[in-house]
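> Sequence and predicted structure below; questions after.
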2 protein chains.
Amino acid sequence: MTYQKFVYFFGNSETDGKNSMKNLLGGKGANLAEMANLGIPVPSGFTITTEVCLLYLENKQYPDGLMEQIDEAIVKLEKENDKKFGDSENPLLLSVRSGARVSMPGMMDSILNLGLNDDSVAGLAAKSGNGRFAYDSYRRFLTMFGNVVLGIEYEDFESIIDARKKEKGVKLDTELDTGALKELVEKFKVLIKKKTGEDFPQDPRKQLQMAINAVFNSWNNQRAKTYRRLNNIPGDWGTAVNVQSMVYGNMGETSGTGVAFTRDPASGEKRFFGEYLINAQGEDVVAGIRTPQPIETLKEKMPGNYATLVEIYQKLEKHFKDMQDIEFTIEDGKLFMLQTRNGKRTAAAAVKIAVDMVNEKLIDKKTALLRIEPEQIDQLLHPMINPDAKLEVIATGLPASPGAAVGKVVFTAEHAEDMAKSGNKTILVRTETSPEDIGGMNAAEGILTVRGGMTSHAAVVARGMGKPCVAGCGDITISIKKKKFTVNGCTINEGDFLTLDGTAGNVVLGEVELITAGVNDDLKTILEWADEVRTLGIRTNADTPHDASLAREFGAEGIGLCRTEHMFFGDDRIPAVREMIMAEDEYSRKKALLKLLPMQKSDFKGIFRAMEGYPVTIRLLDPPLHEFLPDHNELTRKLDKLRSIDGDRDKIQQLKKMLARVEALHEINPMLGHRGCRLGVTYPEIYDMQVEAIIEAACELKSEGINTVPEIMIPLVSHVKELSTTKKNVIRVAESVIEKNNVELDYLVGTMIELPRTAITADQIAMEAEFFSFGTNDLTQTAFGFSRDDAGKFLPYYIEHGILDHDPFAVLDQDGVGQLVKIGIEKGRSTRADLKIGICGEHGGDPQSIKFGHNIGLNYVSCSPYRVPIARLAAAQAFLEQDNK
Amino acid sequence: MTYQKFVYFFGNSETDGKNSMKNLLGGKGANLAEMANLGIPVPSGFTITTEVCLLYLENKQYPDGLMEQIDEAIVKLEKENDKKFGDSENPLLLSVRSGARVSMPGMMDSILNLGLNDDSVAGLAAKSGNGRFAYDSYRRFLTMFGNVVLGIEYEDFESIIDARKKEKGVKLDTELDTGALKELVEKFKVLIKKKTGEDFPQDPRKQLQMAINAVFNSWNNQRAKTYRRLNNIPGDWGTAVNVQSMVYGNMGETSGTGVAFTRDPASGEKRFFGEYLINAQGEDVVAGIRTPQPIETLKEKMPGNYATLVEIYQKLEKHFKDMQDIEFTIEDGKLFMLQTRNGKRTAAAAVKIAVDMVNEKLIDKKTALLRIEPEQIDQLLHPMINPDAKLEVIATGLPASPGAAVGKVVFTAEHAEDMAKSGNKTILVRTETSPEDIGGMNAAEGILTVRGGMTSHAAVVARGMGKPCVAGCGDITISIKKKKFTVNGCTINEGDFLTLDGTAGNVVLGEVELITAGVNDDLKTILEWADEVRTLGIRTNADTPHDASLAREFGAEGIGLCRTEHMFFGDDRIPAVREMIMAEDEYSRKKALLKLLPMQKSDFKGIFRAMEGYPVTIRLLDPPLHEFLPDHNELTRKLDKLRSIDGDRDKIQQLKKMLARVEALHEINPMLGHRGCRLGVTYPEIYDMQVEAIIEAACELKSEGINTVPEIMIPLVSHVKELSTTKKNVIRVAESVIEKNNVELDYLVGTMIELPRTAITADQIAMEAEFFSFGTNDLTQTAFGFSRDDAGKFLPYYIEHGILDHDPFAVLDQDGVGQLVKIGIEKGRSTRADLKIGICGEHGGDPQSIKFGHNIGLNYVSCSPYRVPIARLAAAQAFLEQDNK
């Protein structure tokens, strides 16, 4: 009877696998096979496929035929190595390692020296002529097997060793002699019996089987699951198991072991980069007890081996056409390659290597573009904490806006602004931020909040400003009165130095050194290549001329979202805005609006000028009016104070009136309340003023010879009649301004699609809208019924427990929200074929979401200025990946 | 050249139209033609079609050929009547009336006596031999024409008459002699010239044209638009214009006029019912200056005319197969029918007439079912204000729950409960209600709130209880301190009597008499017929055994929504609920839950017993936990008070802890927050307790021989994994309880579809759900992005200005929310063909929404007990109407 092939052999005599079989053999197994095929010396061995893993996990037993195939492979191994498994004279010893389709470092420990037992340890001693080495290997094997396979705490073994060392009066393991090691072996076997109720298995085949099972089961341990979730690795891939004959780098001065990269993984520089130890095993290099030597010194120590190593690494890089991360062992003068894989690298290195390899004609531009994780580019655009710095992390929150910042703690926006005036750098620490805090956020180096998620006000604004932000750090308790905050037993006072790592979400005590990479020529080259291939437009979300210019430098081709309300918060504007809100009739409201008109006009002129030649989408007023009024508690406090000192009557009357207005505007669910076009419909004069400012600005620039096509966007439309009603007014005002200015001006009127009903009725909406912009933040809120301000109470739990794969506010939910976007696009284009469609939510800067957007036919995405380079690369990849299908 | 036919003649010589042409000729025109066809005497005339109206309104001019056709028709009229239009000897006089497809009473005044001018008035005087009659007709015509066509205030004419009467020292118009009337005519002509700048048009053709235009334009006056909106009449129907030769009931003692119904429109009794006046015109009957006589007395006064009238009305009822509302005039002994139409009737009459006519074999059951407006039935189930009562309406809010109630004003739930204990009836007046008020709402006769819409807490709970509620009455200002409220300048103190009309939304001062119809045998018959034809199941939303029994009496076939949280508010439960919420770890939480378990179990036993044999869908805990804790302000007050009197330390500590918990649970948008299955996922022990209670209850009843199939419903699912996670626990607990009780029990696990994402991914959801229940309240909130608690700030404006046709919380939005439901059904059945699907939002009791639900394939709707009869009829009509297609 023949069974499916479950076991793939690799070695000198024969090799069954190859590089292209990664899905079946895992990355490690496939690359070992490939090296064998290339004639590169590897310790022979075999790979048990990922299919077996899945079958085993499902049925809790091996498929028929597997044991036979393993036995056959072992026979081959015995022949190749001229050793026998479990032999008491010349034993074959094995290593057992996991190996998934992609590298999952740290997912599972290796098991080395498998095959040792009370008999074969004697054989190893005889054959190596080194009793101490044999018993040291045996006690190491017992520890690994006991820990990894049998689940006994590592410390249980350690404490036995420690007791033994104390007894012997020595400090290092290496000072224990053979006798002591023999005693340890006995004690370890007793420990295993005690902890598991079973004797340590002397049968090597049983050892092997148990080790294989342990590797399979490790696929579903918590660590692995978390890693997979964080790295978007599906659970149904499974892991392969690699069983290899042992080679030893610790057999004396002609032995050694090392790891190396074919290029510098930090800078990307083209040079052989790595380290090694003479007379050591792999784990010693990693453990850091002895200091490894730089790889170039191996040339002197073992010139022959070094030459071979150089030859091999060059061969490997040429063969795999990518920077390799290799592991090698020299056993008694003979070099073995243990592993090769594409090396991890910093963002800077990824960019440099990609550009260099194109120049070296090793890869083409397309491959270069696909080699860089768009998300990585972010690292290059923000300061980061020096990786060598020692950190005292006192709390962790959400990585809400990337980069790192150092400053003195302040608790109010005003304080941050004052400090900035006197040249002080600050970190603004708030329970949550509100639009009133914008000035202070701008003045601070970084923002830390107790509440709020990835799309909270703090997060969105900070990303827009390119400032680091750690949000939703719920462990913090702020006492504004006492000017301090406490977190995890630590108290930080106003003025204390703090460092934020917005990329990792860490809050670090004190003043830590930061480094900045910046946009270099290599990155520019990559982004130019990206622009050559991408078809998706990249715009930016920008509310100020400064942001617009910045985004343009990063390569934005227009503004996809200009939020007019941010302009309302300036010190010179807010009084007029409040006057408008407090107005008791249309006349007074219009009077207040007239004061705002020239300011808004000058804002728009600045933005249009910065974006000359590119489209600018301006969203009319969106947030509920109460956001512009002072906080209820603050007002009550002020009022109580004034009353208690028998203060100015007029002032009291005025505050009372404002308090009444704040109370009247209070909403139970402001997210779903009186905002967006609902304001424009019920108070048309507000939008009229904004349209007048926009069109006047464009007309005046036009007479200066500066061309712009304003795209006026009506927010929060749910029903087409809201749009048609508002649009009628927009056109009325716009036409009258154009006529007055006597110029020709094109403009578009469109809408945001940010509510499910709007997406579902997009065919009706498109009859009125000249463009769509999907506001995927709000669309996510309403499609899921998740308030982004409140989801912090359950969303982290959901992600931790795998109910959701991602925070849907960070990564577009393709199954649900994405389907609404798709329906919206299809229905919209069904009634207006040339509809211009973009997205302007936070997802516009997320690579996965950008690719999805490309595939469903968006014309552009719009993201914060600092995400523009990322979006350019992601858009290029989207095109290339689609092309490959 | 021939034109489209714009003018349809009716008379003795020929008649162009017929009854089936209502869309073209309007109801009045088509029925006049039909009467002429039946040989019933009508004043001859012609109808200008609704098509002309639309053309005129669009182009502001007549279509070619219209004037010619009108002229031809006038020639025919002149011939039939042997009179000449505008003639100075024997003038043809005309009436001009609007007439839309359906009757729109009061939309426009009629213009009578058209054709009179300075010449023809003499002819009329000569021909009638009555100069006073002629000039009285002329001055009436001038008033009507001046008012309706020229837009001059009616009062301007009246004040001239009043001056004249004072001068003459008389009181009644009828006391003015011919000379005085002639003077009035002259003065009226001067008034018209002064007000319009033009002379009164003497040319009868010009008069006619202006009158026709006025009727067309009246289609778009505010009154007509409002009426159409309230009655769902499309704006693109237009109105026809009916031009008829005048007949006069005021030509002496052998003349008269009257209106009558072929059956009693109040009771439905089969008897000729109406009234008339001798020597009077139609307007006199309506004006109420003279008291009309009951129709039966005409038999004595004019036996011949009466016999003819009886013959005609019987002919008409048989012909139209429905109760008719007729108008007639007797001119000098000759009877003319001016109008016939299906008569408006009360709910009671509608039911009785429908049943009687089936018994009389005039119509079949199907027709009978289609004749009754489901919404009307509501009137029969609730007390209503005696229609004869005089009302002082002091405010108007939303008609949130139908029926009327009288009671003394109270401002707190506790007060309502206390008053009820002492036998006092109360009206509970609150800014808004919360679940804590349930006891008081139950104790009160009716509920009045300042805030909140049709699906606010107050509205939903009141409808469920069958209690009248007026909600969102924003003009009211409550002062709880002063125990009073003010509204529109009126102050109402605690203890004052108030009457609420929840059907109309009126707040009425004082104690008004109420009447109740009740479910009679005729209604039972109709509902039985409905049950024979309908295919849609009708369930009820019920949280208590009492509601369940009530709904069963009304014909409910199971419970579609049993909200478990309402059970949490009982005085005996809330301490345990709060203990559960305050618990600091899972152990303490479980301890508190254990206290709730027996209470929940007994609740479920009661409900299962009441619904024996029918399915019961139980929704697991849905609202956010903070709803069960005391209000923040209330707690702060209590705490301040205790501190100020240096109160019990432990108590203070306890309150401080609770306040901290309230603050921790505070949410910015609770609607989109930590609620529904999000609670079940993060605190599985809560759902575990509820499932244990449900299944235990069912098992114990089973051993008593009472069968039930609990349907356990997981609320607010957005992602299938929330459902699969929760479902796994439900099954685990349920199976263990079943095993413990050692009985066989079937149960289902399903979910609510109340978020857009869930509808969009219903194919995935249905893999886990055994049933769907569409929660269209929340689905409407999230699809539109409307918070039902806050929409009061813009929704009334939207409806008033036609941006939305209906309140989407009352009538399902078929274009948007309905499409989500449709997608949900289709996708759900694509992966589970036998999926049981219902809706349980407020829309389950709305006839239009029920019909939509039938058409898209729901298995059932679920509504509050009092809506069950309405739903039964609407479901039958849905089937019959679908059948007709």
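Perfect, I can see it now.
> and A:L428, that's in a helix?
No. Applying DSSP: H, G, I helix; E, B strand; the rest coil, one finds A:L428 to be strand, outside a helix.
> and it, what are its bridge partners?
A:V410, A:I447 (DSSP bridges).
> just checking, what packs against the helix or strand encompassing A:N217?
In this structure, A:N217 is located in helix A:204-218 according to DSSP states H and E. With contacts taken as 3 or more C-beta pairs under 8 Å, 6 or more residues apart in numbering or on different chains; DSSP states H and E, helix A:204-218 sits against helix A:50-59, strand A:94-100, strand A:111-114, strand A:239-245. For every residue, glycine as well, the C-beta is placed using N, CA and C.
> how about these, which one is nearest chain B?
Of all the helices and strands packed on helix A:204-218, the one in closest proximity to chain B, counting by C-beta to the nearest C-beta, is helix A:50-59 (18.1 Å).
> Give me the contact list for the closest one.
Here helix A:50-59 makes contact (C-beta atoms under 8 Å, 6 or more residues apart in numbering or on different chains) with A:4, A:6, A:23-26, A:62-63, A:66, A:100-101, A:213, A:216-217, A:219-220, A:236-241.
> Just the buried subset of those, please.
A:6, A:23-26, A:62, A:66, A:100-101, A:213, A:216-217, A:219, A:237-241 (16 or more other C-beta atoms under 10 Å in any protein chain shown).
> Around chain B, which positions in the stretch 751-885 of chain A sit nearby?
A:754-757, A:760-761, A:764, A:778, A:781-787, A:789-791, A:793-794, A:797-798, A:801-804, A:813, A:815-817, A:819-820 (C-beta under 8 Å from any C-beta of the partner chain).
> again, only this time at 7 Å
Listed as neighbours of chain B in the stretch 751-885 of chain A under the rule C-beta under 7 Å from any C-beta of the partner chain: A:755-757, A:760-761, A:781-787, A:789-790, A:793-794, A:797, A:803-804, A:815-817, A:819-820.
> With adjacent residues omitted, what lies nearest to A:G560?
A:S862 (2.2 Å; C-beta to C-beta, 6 or more residues apart in numbering or on different chains).
> which stretch of helix or strand covers the one you found?
strand A:860-863.
> go on, A:L500?
strand A:497-501.
> Report all helices and strands that the strand holding A:S862 contacts.
Other helices and strands packing on strand A:860-863, by 3 or more C-beta pairs under 7 Å, 6 or more residues apart in numbering or on different chains; DSSP states H and E, are strand A:537-541, strand A:559-563, strand A:836-839.
> that older thread, report the mean confidence score over the strand holding A:L500.
Mean per-residue pLDDT for strand A:497-501: 95.
> Direction included, what does that strand pair up with?
Paired strands of strand A:497-501, defined by DSSP bridges, are strand A:404-410 (antiparallel), strand A:506-509 (antiparallel).
> Of those strands, give the one that comes closest to A:H719.
strand A:404-410 (44.1 Å; C-beta to C-beta).
> next structured bit after that closest one?
helix A:413-421.
> what's in contact with that following helix?
With contact meaning C-beta atoms under 7 Å, 6 or more residues apart in numbering or on different chains, helix A:413-421 is reached by A:K408, A:V410, A:T426, A:L428, A:E436, A:D437, A:G439, A:G440, A:M441, A:A443, A:A444.
> which one of those residues sits closest to A:G841?
Using C-beta to C-beta, those come closest to A:G841 at A:M441, 20.4 Å.
> mean confidence score for the stretch of helix or strand that closest one belongs to?
Element membership of A:M441, judged by DSSP H and E, is helix A:438-443. The pLDDT scores in helix A:438-443 average 87.
> again, but for stretch A:480-492
Taken as a whole, stretch A:480-492 has a mean pLDDT of 90.
> can you check stretch A:314-324 too?
96.
> before we move on, what about stretch A:348-366?
Per-residue scores along stretch A:348-366 average to 95.
> Also stretch A:200-217?
Stretch A:200-217 comes out at a mean pLDDT of 96.
> thinking again about what came up before, give the next helix or strand downstream of the helix holding A:N217.
Helix A:204-218 is succeeded, C-terminally, by helix A:222-230 (DSSP H and E).
> Now for A:T776: which residues touch it?
A:L812, A:V817, A:I839, A:G841, A:H843.
> For chain B, state which of the residues you listed is nearest.
A:V817 (6.8 Å).
> Can you show me the strands along the stretch 551-700 of chain A?
A:559-563, A:616-619 (DSSP state E, counting those that start in this stretch).
> Who does the shortest one pair with, and is each partner parallel or antiparallel?
According to DSSP bridges, strand A:616-619 has the following sheet partners: strand A:559-563 (parallel), strand A:710-714 (parallel).
> got a markdown table for the ones you listed, with distance to B:E72 and mean pLDDT too?
Compiled in a markdown table, the strands paired with strand A:616-619 are given as follows (distance: least, C-beta to C-beta, whole Å; pLDDT from 0 to 100):
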| stretch | distance to B:E72 | mean pLDDT |
| --- | --- | --- |
| strand A:559-563 | 64 | 96 |
| strand A:710-714 | 52 | 98 |
